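Engineer: let me see the structure of the following:
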Amino acid sequence: MATETSTPAAPAVHGRPSDSALAAGLDALETPIVNPRPSFAVSVWRSAWPVLAALAALVVVWQVAYTLELKPPYALPSPADTWQTFVSTVQDGTAWLAMSTSVRRAAVGFVLSVVVGVAIGTALAASQLLRRAFGPIITGLQSLPSVAWVPAAVIWFGLTDATMYAVVLLGAVPSIVNGLLTGTDQVPPLFLRVGQVLGARGWTRIRYVLLPAALPGFLGGLKQGWAFAWRSLMAAELITVAIGGGLGQLLDTGRSLNDMSLVIVSIFLIFLVGIAIELIVFSPLERAVLHSRGLTGQTSSTGRRK
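Structural biologist: Numbering: from 1, shown residues only. Okay, here's the model as predicted:
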């Protein structure tokens with residue numbers, strides 16, 4: 001630990017720093033960088049004000065376009081009319097019912113996708129033969145639009161929630177598998193050698209060495225998997241409106257009624273759920289994982305990592 005002293009450093013000898021100067025420099029390197037953490041309110045405001053400013057700018061542009069009548073009012077309603085539609089859908093419970101139905105379906109489908117994706121990804125990471133055989137297929141499935149699975153899922157499972165879950169699984173699992181494989185590829189070989197020296201073999205090596213070390217990289221795959229799951233569900237709800245419920249059906253209702261205000265409100269609610277899941281689930285999870293591994297770069301006033 002660096003100590004403060006008033007003793008001046010010895011002069012350099014023949015252009016080279018003296019031993020005391022070198023020691024002072026090394027002590028300075030060990031001096032902790034104190035980064036006081038801002039309060040919760042300040043952190044929230046710092047994160048929120050750029051987004052709020054951007055949304056305000058979009059609303060201004062929207063109002064200008066409405067005033068200039070770039071589109072007929074039925075195709076481009078005013079922000080005030082859209083706000084009234086939003087308030088009415090919230091007050092009569094339509095928005096809450098649609099959001100809760102979609103979030104429930106997405107949550108169940110995503111949990112199943114994580115279970116299946118981790119199982120497949122672990123098997124591919126443990127066997128180079130399986131990875132060479134199925135790796136390109138997983139990548140191809142990831143590039144396939146999830147909406148293409150909707151007709152097949154309807155034929156397989158009929159107009160039930162199982163169709164929604166099947167589409168979510170087929171849309172999210174490839175991203176989760178590739179995310180896990182990417183995380184395992186980033187594991188330093190030294191970790192694996194140390195685990196081998198300590199006797200970690202087979203499932204023990206995977207459970208206690210490979211998967212924990214791959215977790216930071218795997219989080220990116222989970223976030224991408226959620227994005228694919230949410231988009232897949234919206235596509236399924238939009239096409240299979242006969243199943244009922246969900247934000248996708250609310251969006252299709254606005255289209256059927258030629259109610260652009262309801263269409264915009266539905267799009268906003270879909271966007272809102274996506275942002276909320278990111279802020280409530282994935283951002284805290286990512287911070288917790290990075291904090292547990294000392295990757296946040298924050299130190300307390302005592303010099304210890306926070």
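Engineer: list the buried ones in whichever strand or helix holds Val60?
Structural biologist: Using DSSP states H and E, Val60 sits in helix 40-67. Of all the residues in helix 40-67, those buried under the rule 16 or more other C-beta atoms under 10 Å are Trp62, Tyr66. (C-beta placed from N, C-alpha, C; glycine too.)
Engineer: quick one: mean pLDDT over the next helix or strand after that helix.
Structural biologist: From helix 40-67 onward toward the C-terminus, using DSSP H and E, the following helix or strand is helix 79-91. Mean pLDDT, helix 79-91: 90.
Engineer: repeat for stretch 65-72
Structural biologist: Averaged across stretch 65-72, pLDDT comes to 86.
Engineer: try stretch 138-153
Structural biologist: The average pLDDT within stretch 138-153 is 84.
Engineer: please name every helix or strand in contact with the helix holding Val60.
Structural biologist: Applying 3 or more C-beta pairs under 8 Å, 6 or more residues apart in numbering; DSSP states H and E, one finds that helix 40-67 contacts helix 79-91.
Engineer: now do the buried residues in the following helix or strand past the helix it packs on.
Structural biologist: Later in the chain than helix 79-91, the nearest helix or strand by DSSP H and E is helix 94-126. Neighbour counts over helix 94-126 (16+ other C-beta under 10 Å) mark 94-95, 98-99, 101-103, 105-106, 109-110, 112-114, 117-118, 120-122, 124-125 as buried.
Engineer: now the angle from helix 94-126 to helix 79-91?
Structural biologist: Put simply, helix 94-126 runs at 80 degrees to helix 79-91, going by axes from the mean of the first three to the mean of the last three C-alpha atoms, to 10 degrees.
Engineer: which strands or helices does helix 94-126 pack on?
Structural biologist: helix 79-91, helix 128-143, helix 161-185, helix 211-239, helix 247-256, helix 260-277.
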